[in-house]
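Undergrad: Need a 3D model of the following:
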Amino acid sequence: MGQILKFPAEASKFGYKRARKCARAAENPDQLNLFSQPTARILSFAPATSPFEEALVSDERGDLKAAELYTRAIENQDCVADAYCNLGIIESKKGNTARAFDCFTTSLKHDPRHSEAHYNLGNLYFEVNDFRLAQIHYEMAGEVDPSFANVYFNLALVQSINHDLPAAINTLTKYQELVSPEEARNAEELLRNLKRSLAARNPRLSST
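TA: Now for the predicted structure:
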C-alpha cells in the first residue's frame, strides 16, 4: 500500500497571473541594421492609454467593465494574446470553465509562447483534476519564463500528485532559489514531506 502524501496548509497552488504588456518582437542583437534612419521627434496628441492598457487598469480595479474592454482591445487588434489571456481569468472566476479554456487556448493560438496563458491553462487543468495536462502547461510556462517562481511551486504540486517525487523535489528546490528567504521557508514543510515520502518509497535513501 503506497504512502499518502500529505500537503501542508500552505501548499495550495498559486492562482492566475494577468498578462500586463504586449510581447514585442525583439531585434536580433547580432544582426546589424544597415537601413536604420534617424527619426524625427513628433508630438503626439493621441490618448496615451491603449485599449488593452485601459482594460488592464479596469481589471486591476475590479471593474465589471473589464471583460468588455478586453473584448474591445481584441477587436482593435491591441495585444490580442494578452487580452484573451486576461479575459480567460475573468471567465474562470465567473465559473465559466469552457469559456476560460477557449480564451486561454485562443491566446496561445496568437502567441504559442505566451507564458501567462500556459500557466493559467495549467491552473485551469489543475482545477478540473487533469494533472497530466496541467503539468505540461506548467512546464511550458517555465520554459518560456524561467524566472517565474510561482510556476515551479504549482509544477511541484502536480509532479507530486503524478507520483514523480524526485522531479517534485528538484522543482520545489528551484522555486526556493527564486523567491525570498521567507517565501522559501513557507515551502520547507512541503519539501520535507516530499523527501519523507520518497524515502519511504525507497528505504535505501533514508539510510544515506
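
Undergrad: In terms of residue numbering, what are the domains of the protein?
TA: Following automatic domain parsing, the chain resolves into domains at 49-112, 138-203.

Undergrad: Nearest to residue 128, out of the ones you listed?
TA: domain 49-112 (6.9 Å; CB to CB). For glycine as for every other residue, the C-beta is placed from the backbone atoms N, C-alpha and C.

Undergrad: now do the same end-to-end measure for that closest one.
TA: Its start and end residues considered, domain 49-112 measures 26 Å (CA to CA, to the nearest Å).

Undergrad: how far does it sit from the chain's center?
TA: Its chain's average C-alpha position is 15 Å from that of domain 49-112, according to CA atoms, centre = their mean, to the nearest Å.

Undergrad: sorry, back to before: now mean pLDDT too, for the domains of the chain, in a markdown table please.
TA: Shown next, in a markdown table, are the domains of the chain (pLDDT from 0 to 100):
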| stretch | mean pLDDT |
| --- | --- |
| domain 49-112 | 97 |
| domain 138-203 | 92 |
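
Undergrad: list the contacts for residue 187?
TA: 10, 153, 172, 175-176, 179 (CB atoms under 8 Å, 6 or more residues apart in numbering).

Undergrad: Distance check, it against residue 76.
TA: 42 Å (CB to CB, to the nearest Å).

Undergrad: Which parts of this structure are helices?
TA: In the chain, the helices defined using DSSP state H lie at 51-60, 66-75, 80-93, 97-110, 115-127, 131-144, 149-161, 165-178, 181-186, 188-201, 203-206.

Undergrad: Rebuild those as JSON lines, extending it with distance to residue 20.
TA: Formatted as JSON lines, these follow (distance: least, CB to CB, whole Å):
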{"stretch": "helix 51-60", "distance to residue 20": "6"}
{"stretch": "helix 66-75", "distance to residue 20": "13"}
{"stretch": "helix 80-93", "distance to residue 20": "8"}
{"stretch": "helix 97-110", "distance to residue 20": "14"}
{"stretch": "helix 115-127", "distance to residue 20": "9"}
{"stretch": "helix 131-144", "distance to residue 20": "15"}
{"stretch": "helix 149-161", "distance to residue 20": "15"}
{"stretch": "helix 165-178", "distance to residue 20": "19"}
{"stretch": "helix 181-186", "distance to residue 20": "21"}
{"stretch": "helix 188-201", "distance to residue 20": "28"}
{"stretch": "helix 203-206", "distance to residue 20": "42"}
